[in-house]
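>>> dropping a prediction and its sequence here:
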Amino acid sequence: MSKSFPLLFILLWSSAFITTLPIVQNSDPFSALAFRFFLVAICFFIYSIYKKTKISVNSKDLVNSLGTGILFHGLYLGGVFYSIFIGFPTSLTALIVTMQPILTNLLAGYFLKEKVSLNQWLGVLLGFTGAVMVLGFDIGKSLPIEGVISSLVALIAITTSTIWQKKISNNIPLSVNNMYQAVGAVLFHLLIIIFIFKDPFINLNSDFLLAMSHQVFLVSLGAFSILMFLIKNNSASKTVSLFFLIPVVTALMAWIFLGEELMKIDIAGFIIASTGVFISTRK
């Protein structure tokens with residue numbers, strides 16, 4: 001089963017971009033994310049109780065889980081959601097975040113003492129090239145500076161959180177770790193709403209509830225749990241190389257489900273990115 005995790009992760013994580021737009025069309029980004037991770041925390045709490053898993057942790061593990069949750073679900077997703085909310089192109093947001101493997105490979109050697117091979121660097125170069133080919137020609141002419149800044153914040157946050165999660169590698173159960181990460185996200189987004197963001201709102205219509213259900217159950221409970229498993233059991237640099245396929249698969253999903261145009265250069269980019277991921281992650 002674990003051998004299929006990378007493919008399953010790519011499909012589930014990519015699908016999140018398809019359902020982000022209907023969410024931010026019916027809610028501000030921070031209220032939506034607070035709502036989402038409140039439900040996620042409850043789900044992981046119920047699961048832990050059902051499995052009779054000990055949910056009490058020491059202060060160090062608690063701080064680590066809350067901190068990585070704020071980075072993963074707070075700053076990363078907050079940056080992505082806010083970019084799309086203010087009209088920044090989804091494709092460009094995904095492209096900026098896709099630079100994560102490059103930053104992680106640069107930092108993994110120093111912080112995690114991981115050796116990044118020449119093959120991995122070649123895979124990173126091919127992966128990024130393919131992602132640019134798929135998304136780079138769909139960028140609009142009007143780009144709000146806030147979108148660029150929030151996307152860069154998201155990039156730095158997910159890179160930092162990946163290295164932090166790999167470095168601490170705590171031994172608390174996955175469901176408990178995910179529960180406290182979700183709690184950290186809820187607290188973060190509530191603070192943003194209270195002190196920074198004005199006029200929070202949520203329209204609980206069918207589009208919002210359907211998209212939110214997808215992101216809670218398939219993305220937060222599914223894809224993110226797989227990501228935590230992959231980070232714990234693989235090197236950080238190899239795990240994040242999978243992210244190069246996210247914008248590519250997202251473009252394919254947008255073509256299938258949303259009717260967006262898919263050009264020949266997009267297909268070529270998909271092949272190049274796939275080759276890069278294979279080179280970076282193969283044993």
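All right, it came through fine.

>>> any low-confidence regions in the stretch 51-200 of the chain?
Counting by pLDDT under 70, the low-confidence segments of the stretch 51-200 of the chain come to 135-143, 169-170.

>>> which parts of it are helices?
59-69, 77-85, 90-97, 100-111, 118-135, 145-168, 174-195 (DSSP state H, counting those that start in this stretch).

>>> buried residues in the last one?
Buried residues in helix 174-195, defined by neighbour count with 16 or more other CB atoms under 10 Å: 175-190, 192-193. Using the backbone N, CA and C atoms, a C-beta is placed for each residue, glycine as well.

>>> show me what contacts residue 209?
Applying CB atoms under 8 Å, 6 or more residues apart in numbering to residue 209 gives no contacts.

>>> element containing it, please.
Using DSSP states H and E, residue 209 sits within helix 206-213.

>>> most distant residue from the centre of this structure?
Within the chain, the residue lying farthest from the chain centre (CA atoms, centre = their mean) is residue 52, at 28.9 Å.

>>> returning to what we had before: between the helices of the stretch 51-200 of the chain, which gets nearest to residue 259?
helix 90-97 (14.7 Å; CB to CB).

>>> for that closest one, list the C-alpha coordinates in PDB.
Output of helix 90-97 as PDB, limited to C-alpha atoms (Å, rounded to 0.1, in the frame of the first residue of the first chain):
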ATOM      1  CA  THR A  90      -3.900  30.100  -9.600                       C
ATOM      2  CA  SER A  91      -1.400  28.800 -12.100                       C
ATOM      3  CA  LEU A  92       1.200  31.300 -11.000                       C
ATOM      4  CA  THR A  93       0.600  30.700  -7.300                       C
ATOM      5  CA  ALA A  94       1.100  27.000  -7.900                       C
ATOM      6  CA  LEU A  95       4.300  27.700 -10.000                       C
ATOM      7  CA  ILE A  96       5.800  29.800  -7.200                       C
ATOM      8  CA  VAL A  97       5.100  27.200  -4.600                       C
END
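
>>> chain center to that helix: distance?
12 Å (CA atoms, centre = their mean, to the nearest Å).

>>> what does stretch 7-22 give?
Worked out by CA atoms, centre = their mean, stretch 7-22 lies 9 Å from the chain centre.

>>> which residues does it contact?
80-81, 84, 90, 94, 207-208, 210-212, 214-215, 218-219, 222-223, 226-227, 230, 242, 245-247, 249-250, 253-254, 257-258.

>>> averaged pLDDT, it. What do you get?
Averaging pLDDT along stretch 7-22 yields 90.

>>> same check on stretch 227-241?
For stretch 227-241, the per-residue pLDDT averages 78.

>>> circling back to that earlier point, helix or strand right after the helix holding residue 209?
That would be, after helix 206-213 and using DSSP H and E, helix 224-233.

>>> now do the buried residues in that following helix.
Buried-residue list, helix 224-233, by 16+ other CB under 10 Å: 224-228, 230-231.

>>> with stretch 85-103 instead?
Here stretch 85-103 shows 85, 88-103 as buried, counting by 16+ other CB under 10 Å.

>>> could you dump the helices of the stretch 51-200 of the chain into a markdown table and include distance to residue 13?
As requested, the helices of the stretch 51-200 of the chain are exported to a markdown table (distance: least, CB to CB, whole Å):
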| stretch | distance to residue 13 |
| --- | --- |
| helix 59-69 | 17 |
| helix 77-85 | 12 |
| helix 90-97 | 11 |
| helix 100-111 | 12 |
| helix 118-135 | 14 |
| helix 145-168 | 11 |
| helix 174-195 | 15 |
